[in-house]
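K.L.:
Kindly return the folded structure for what I paste below:
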Amino acid sequence: RRLKVGASWGGVAKGCFESLMLYPMGKAYFLGIEGELKNWSEAREKNPAVQSQKSRLARQALERAYSLLNTAIAVESYERSMPDEQRAKLVPYRDCLKLYLDTGNAELSCVPLQWSGDVPAP
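P.N.:
Next comes the predicted model:
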């Protein structure tokens, strides 16, 4: 469905992940990851309590996104629910997250890191 102005990214993530219980699709994983990381970024900006736990929670969010990207890649290798250009982004996004988690290199810039607010958008 189309997002409405002011839509909650948490709601987007929840809806996508609930739909996966019935019919796992790479596209739902991809949208769920985006929603979850953007929701995390918004929560971190708005809530001082979350801000104080920033590094531990940020790492957990990125590790979960990395794991979900692996699942999306596996599902898409069989299901093919995404357009080719979107499917082609899955592996680079996963690899960038893995490199960031392994090195902590803040100079990396990929879309999932921008969604999470861990690196600024260009």
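K.L.:
residue contacts, the residue nearest the centre of the chain?
P.N.:
For the chain, residue 33 is the residue whose C-alpha lies nearest the centre (CA atoms, centre = their mean; 2.9 Å). Listed by CB atoms under 8 Å, 6 or more residues apart in numbering, the contact set of residue 33 reads 13, 65, 68, 69, 72, 112. All C-beta spots, glycine's among them, are computed from the backbone N, C-alpha and C.
K.L.:
buried ones in the helix or strand containing it?
P.N.:
Using DSSP states H and E, residue 33 sits within helix 26-46. Judged by neighbour count using 16 or more other CB atoms under 10 Å, the buried positions of helix 26-46 are 26-41, 43-44.
K.L.:
rewinding a little: between the contacts of residue 33, which sits nearest residue 58?
P.N.:
Closest approach to residue 58 among these (CB to CB): residue 65, at 10.6 Å.
K.L.:
quick check: mean pLDDT across the longest helix anywhere in the chain?
P.N.:
Criterion DSSP state H: the longest helix present in the chain is helix 54-79. The average pLDDT for helix 54-79 rounds to 84.
K.L.:
helices and strands around it, which ones?
P.N.:
Judged by 3 or more CB pairs under 8 Å, 6 or more residues apart in numbering; DSSP states H and E, the packing partners of helix 54-79 are helix 26-46, helix 84-103, helix 111-116.
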